[in-house]
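# Can you look at this prediction? I've put the sequence above it.
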Amino acid sequence: MQIKECIVSAPGKAILHGEHAVVHGKVALAVSLNLRTYLRLQATSTSKVCINLPNINTFLSWDVTALKQLLPDSGAELGNVNELDAELVRMLRNFVGVSNGTLDTRSMAILAFLYIYLCVFAKSGELPSLTVSVWSELPTGAGLGSSAAYSVCLAAAMLSASGTIPSPLSDQENTARWGEVEMELINRWAFQGERIIHGNPSGVDNAVGTWGGILRYRSGKITALSRVPMLRILLTNTKVPRSTKVLVAGVKDKLNKFPFIINPVLESVDAVSCTCEQTLTEMASDTPTPEHYNVLEELIDINQHHLNVIGVGHTTLDTLCQVTLARGLHSKLTGAGGGGCGITLLRPETECSVVQNTIQDLRDCGYDCWETRIGAAGVQQHSPLAVKEEVLEVLARY
Ligand SMILES: Nc1ncnc2c1ncn2[C@@H]1O[C@H](COP(=O)(O)OP(=O)(O)OP(=O)(O)O)[C@@H](O)[C@H]1O
Ligand SMILES: C[C@@](O)(CCO)CC(=O)[O-]
Ligand SMILES: [Mg+2]
């Protein structure tokens, strides 16, 4: 098989409103970030499959012959793109020696990689030897969709390398995006990767990683919001580690235990997302007014209280809210919560000195904090010429 080498990237995301509620069929609003995960796939003649994941200090390889033994003898279809093949996941767990229910960062990343590798290449008829290296600008496991950006990159690279989807790069372009049909397929495989890492993902994170921009997401229905104002957002990483899988499972337990208490909270989060969407649309079609920003701030405060009620807050996130409020700014957690990252809305009239002082206050708490741009492009393929030198250097190191 002729393996097509490639470099791909996908953005991280911030959820404005709707995290957790979206797992239970409610609306979420999510935006892509200008922080990306990059993956380089190279053909080799070593008869080995190698994976290099420097962000999580993981470097592994397997003989292709050993991996072939995981394929069904009958030539039965392996891993349908629309559902997770539980038997294959069980076999892979045995193969890499991890128990069911493990939360170990490395094991999840390896399982997702091997699952997508086996399914995509088995369909194309042959398991090739190759080396995959991944490097991310995103903090891992901090609420900015690192697992989704990783899964989207795995799916795009393997679908492209196997020839399942064509390369979008032309001679004139150094960076290009796939068409809708290809992106749909990338998104579906990435969702299976998210299922391995998350347990029960809604699919919003991989949708943003694939399409980029600003999305409304509900039960698999993705709507790109084209008319939105350019929001200024501060991102803060409390650096408290947490697992999306555990937090999502915790909310489900609470919902099962107290359905009449938790369901109305999720309904209210849904209404927050819809009101935010309406306000953003109004702001884009008219001149944004201070009143619009007051509404956005109130929605942030309401949602942050709701997220505390459903048990995904953390004292460091409470501190983030208090510290920014002391400077007149409103914050909420973003992503799964339990630590990780929060977002702070900056108003157009927020003075530079206020932003700088807030960033300093948050750094004094031991957090990382920076202003970010939202609405970055979704999954892309790059020629080496289009990749920042420092990223290329890390990818080429292995
Ligand atoms: N750069 C990377 N290299 C290898 N594995 C990664 C990388 N980024 C993420 N992962 C995988 O994703 C897992 C983190 O996913 P998790 O869903 O818990 O956090 P997140 O995606 O950053 O946050 P959220 O889901 O709240 O947005 C890691 O444990 C690892 O398995
Ligand atoms: C917590 C959650 O809602 C968002 C994680 O970024 C989980 C999901 O939607 O899969
Ligand atoms: Mg995740």
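Done, it's in. All figures in this text were calculated on a predicted structure; none of them were measured in a lab. Numbers count the residues shown, from 1 in each chain. Ligands and ions are numbered 1, 2, ... in the order given.

# contacting residues around the residue in the stretch 201-350 of the chain positioned nearest to ligand 3?
At 4.5 Å from ligand 3, Thr244 is the closest residue in the stretch 201-350 of the chain, using Cβ to the ion. All C-beta spots, glycine's among them, are computed from the backbone N, C-alpha and C. Residues near Thr244 by Cβ atoms under 8 Å, 6 or more residues apart in numbering: 141, 143, 147, 197-198, 201, 335-336.

# and the stretch 151-300 of the chain, which residues reach ligand 1?
Residues of the stretch 151-300 of the chain lying near ligand 1 by Cβ under 6 Å from any ligand atom: 197-198, 205, 243-244.

# coming back round to it: so among the contacts of Thr244, which ones count as buried?
Neighbour counting by 16 or more other Cβ atoms under 10 Å classes 141, 143, 147, 197-198, 201, 335-336 among the contacts of Thr244 as buried.

# related to what we said a few turns ago, relative to Thr46, how far out is the residue of the stretch 201-350 of the chain closest to ligand 3?
In this view, Thr244 and Thr46 are 34 Å apart by Cβ to Cβ, to the nearest Å.

# Stretch 120-138 vs ligand 1: in contact?
Yes. With Cβ under 6 Å from any ligand atom as the criterion, ligand 1 is reached by stretch 120-138 at 134, 136.

# quick one, what contacts the nearest residue to Thr210 once chain neighbours are set aside?
Once flanking residues are discounted, Thr210 sits nearest to Asn187: 4.2 Å by Cβ to Cβ, 6 or more residues apart in numbering. Under the criterion of Cβ under 8 Å, 6+ apart, the neighbours of Asn187 are 152, 155, 203, 206-207, 210-211.

# So what's the predicted local confidence for Asn187?
As predicted, Asn187 sits at a pLDDT of 98.

# Contact residues of the protein facing ligand 3?
Applying Cβ under 5 Å from the ion, we find that the chain lies next to ligand 3 at 147, 244.

# Not counting residues beside it along the chain, what's closest to Ala66?
Among residues not flanking Ala66 along the chain, Phe95 sits closest, at 7.9 Å (Cβ to Cβ, 6+ apart).

# Tell me, how many residues neighbour the one you found?
17 (other Cβ atoms under 10 Å).

# I'd guessed it sits against Leu71; true?
No. Between Phe95 and Leu71 there is no contact, the gap being 11.9 Å when judged by Cβ atoms under 8 Å.
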